[in-house]
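**Student:** sequence below, structure please.
(chains A, B and C)
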Amino acid sequence: MAGDYETHAQEEILHSDEDETELTTPIEVLQKLEEAWLNEKFAPELLPYKGELVDCMLDQLQHMDQNLRRVKPGDFRIIIHKMELDRIQFVLNSYLRIRLEKIERFGAYLLNLEAQEEAENIELMSPEEKLFAQQYVGNIEGYLHDTILQHMPPNMEHFQLASVGSKPNLDSYVFFKVLKDTPSLVVEEGASETRESDIIDLEAGSQHIIRYRPVYRLLQNGTVKLI
Amino acid sequence: MLGEKALELIKEMKRSQDSLPILKEDSIKQVLEEMKALFEENQRDVTASVNEELQLHTTVQLRHSVLLRNKRCLLTYLFTRLMYLKKLRWAFGSVLPSDVRSNLSESEYHWFIAYNKALATYMSSIGDGMGVDLQQHLQPPKSFYIQVRCLQDFGDFETADGTKVVLTKNSVHLMQRSQCEKLIHQGILEHITI
Amino acid sequence: MELGVGIMSPAEVEFLAEKELVTIFPNFSHGKIYLISGDVGPFVPSLPVQVPLWLAVNLKQRQKCRLLPLDWMNKDVLEEKKQEEYNNKFFTAMPSPHYREITQLLMSIAPMDIPHAEDIQTLIKDIWDIRMAKLRSSIDAFIKGEETHAKLDHLTLMEINTVRPLLTNTLNKLYQLRQVSSFGTSESQEW
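**Tutor:** Next up, the predicted model:
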């Protein structure tokens, strides 16, 4: 057990990302997961699913949990490891719950994006989330149809959640921190003769508050992170 | 007055933000009947107006907007109740308190069951089937863990963050201080210092 | 469902602050512990060792260590910082991005380990108050000036989080109003 225990945390985890093989340590995975959690928390839209991070972290948690079961009860290390596991589990659970909340809010709209996603090769929702979204929307539409819609006059029976469900408000304001220097970001288009376009430079390390829309691409490519 | 019943439903909805009153099946029925009547009147007037003056046009329009409004009110009323049920699911878990249950229509209850099922399916499938119970760890953990031994059979115990523990005599557990303080006071648990 | 979207609770702010490293003097012996977030130890009685704050808090609670005050938890350092913050129009860099949370946490579990604990607490609160007052007037000016963005360097997470709901809601509304006045239309829903 000792050898197993010592080398485990030091291990580098191999990810094969189709063509690439990335080496990432557990610490890096955890940091990336925390960043993903905060980004998801503050972004008004659903961000692409970080499946690799989730799977990797779940593996880590399971591994560590199994290690702990083999340790004699009362061992000093148990409490310490358990506390860390709780911390990690909280971040993971919160990440997934926040996504679920958004999926319920914008579910119908998100399902309609599927065609666009495939074209751009992004996985917005995991297959499991997608299934949940379909069931969720279907259950609501089915319920409303069975209880009232089918009893309405002929031309009024139709209703789709997508037509009234919310769309994410990409113009809501967010706080973010800049990770890489980025010059000349257009903040707001000149809307009339009296308002010119606002253009700013983003220096690494600086913090800002701006509408989400001008920066969401920067979020996707890791230039900024939400705080 | 046209659309009055529908408005009543909305008013009730606004009044009961923190509770779920019994579903007003009768009111719903009445609104639907009103819609049927309005629609039929419109059908008659539209057929008639093909040969007659245009002054019926406004009446038809009025009825149509009442129809749309009624539809909207009914949808809102039922939808809002579902959203409230959803909130309860996360607060109480998959079993509803009996007083809530008795205020639901059968259809509402079936929807609730379906929602639970979808959630359960989702949660158990996360991470390639490994599963995550998202009902746990609802709050960031606090660091104040202690080890305790159970002195008597107590049964199931749920901590504030949703973690479930089974307390049987002599079992040893790691718990957060704040969660088990009461049980320690009651002599059910004993703090073990490591 | 816990409303986690767009909102951060004080508990979550503290959770993030607890990752900061602090120095403790253990009163026990133990080998290295291999945490996922980084190794800690080995623990040798009375020898300083760095651990994350969440661990330090737990060990202190179990009476297994003494804490070393962070180097900025010093009366002179903080007096100077307070003056600097007071005299500066803008926000100055804080000794830690979690200065308030860390102070609150350490004061609640280890005031005995921190010399002049009460004075330190007061100074930290004073600095906080000066900064929050600055923040409120900046926000006022920001909103009145109808600015579209602002730079918030040196603001800590807790400070940002305190004004987060107010600021984002107000700015969101202002933006909506700008759109309406520019284009003169608003979207309506068809059911």
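
**Student:** tell me the contacts of whichever residue of chain C sits closest to chain B?
**Tutor:** Distances between chain C and chain B by Cβ to the nearest Cβ are smallest at residue C:15, namely 3.6 Å. Every C-beta, even on glycine, is put in place using the N, C-alpha and C of the backbone. By Cβ atoms under 8 Å, 6 or more residues apart in numbering or on different chains, the residues touching residue C:15 are A:87, A:90, B:140, B:141.

**Student:** how about these in a markdown table, adding secondary structure and pLDDT?
**Tutor:** Shown next, in a markdown table, are the contacts of residue C:15 (DSSP: H, G, I helix; E, B strand; the rest coil; pLDDT from 0 to 100):
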| residue | secondary structure | pLDDT |
| --- | --- | --- |
| A:87 | helix | 95 |
| A:90 | helix | 95 |
| B:140 | coil | 90 |
| B:141 | coil | 86 |
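
**Student:** those: which two are farthest apart?
**Tutor:** A:87 and B:140 (7.5 Å; Cβ to Cβ).

**Student:** okay, the two: which has more neighbours?
**Tutor:** residue A:87 (24 against 21; other Cβ atoms under 10 Å in any protein chain shown).

**Student:** excluding chain neighbours, what is closest to that one?
**Tutor:** Excluding the flanking residues, the one nearest residue A:87 by Cβ to Cβ, 6 or more residues apart in numbering or on different chains is residue B:141, at 5.8 Å.

**Student:** go ahead and confirm the one you found touches residue B:174.
**Tutor:** No. Between residue B:141 and residue B:174 there is no contact, the gap being 11.4 Å when judged by Cβ atoms under 8 Å.

**Student:** let me see the ranges of the strands in the chain.
**Tutor:** Defaulting to chain A. A:13-17, A:20-24, A:173-178, A:182-188, A:198-202, A:207-211, A:224-226 (DSSP state E).

**Student:** ah, no, chain C please
**Tutor:** Under DSSP E, chain C gives strands at C:21-26, C:33-35, C:38-40, C:49-52, C:65-67, C:150-151.

**Student:** give me the contact list for the longest one.
**Tutor:** Contacting residues not belonging to strand C:21-26 are listed as C:43-53, C:56, C:59-60, C:64-68, C:70, C:102, C:106 [Cβ under 8 Å, 6+ apart].

**Student:** read off the pLDDT value for the closest residue to residue C:130 other than its chain neighbours.
**Tutor:** Distances taken as Cβ to Cβ, 6+ apart put residue C:85 closest to residue C:130, at 5.1 Å, once the chain neighbours are dropped. Residue C:85 carries a pLDDT value of 96.

**Student:** contact partners for residue C:85?
**Tutor:** C:91, C:92, C:127, C:130, C:131.

**Student:** sorry, back to before: how far away is the residue of chain C closest to chain B from residue C:126?
**Tutor:** For residue C:15, the distance to residue C:126 equals 26 Å [Cβ to Cβ, to the nearest Å].

**Student:** before we move on, what about residue B:81?
**Tutor:** Here the criterion is Cβ to Cβ. By it, residue B:81 lies 51 Å from residue C:126.

**Student:** neighbour-wise, which of those two wins?
**Tutor:** Neighbour count, other Cβ under 10 Å: between residue B:81 and residue C:126, residue B:81 has more, with 20 against 16.

**Student:** assign a three-state SS to that one, would you?
**Tutor:** helix (DSSP: H, G, I helix; E, B strand; the rest coil).

**Student:** pick out the residue nearest the middle of chain B.
**Tutor:** Centroid check for chain B by Cα atoms, centre = their mean gives residue B:85 as the closest residue, at 0.8 Å.

**Student:** isn't residue A:82 right up against residue A:68?
**Tutor:** Yes. Counting by Cβ under 8 Å, residue A:68 is a contact partner of residue A:82 at 7.1 Å.

**Student:** which stretches of chain B have low pLDDT?
**Tutor:** Applying pLDDT under 70 to chain B picks out residues B:49-56, B:143-145, B:160-163, B:193-194.

**Student:** which ones are touching the residue of it found nearest chain C?
**Tutor:** With Cβ to the nearest Cβ, the shortest gap between chain B and chain C falls at residue B:140, namely 3.6 Å. Residue B:140 makes contacts with A:87, A:90, C:9, C:11, C:12, C:14, C:15, as judged by Cβ under 8 Å, 6+ apart.

**Student:** domains of chain A?
**Tutor:** A:2-105, A:173-226 (automatic domain parsing).

**Student:** okay if I get the ones you listed as JSON lines plus distance to residue C:32?
**Tutor:** Shown next, in JSON lines, are the domains of chain A (distance: least, Cβ to Cβ, whole Å):
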{"stretch": "domain A:2-105", "distance to residue C:32": "8"}
{"stretch": "domain A:173-226", "distance to residue C:32": "31"}
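
**Student:** nearest to residue A:159, out of the ones you listed?
**Tutor:** domain A:2-105 (17.7 Å).
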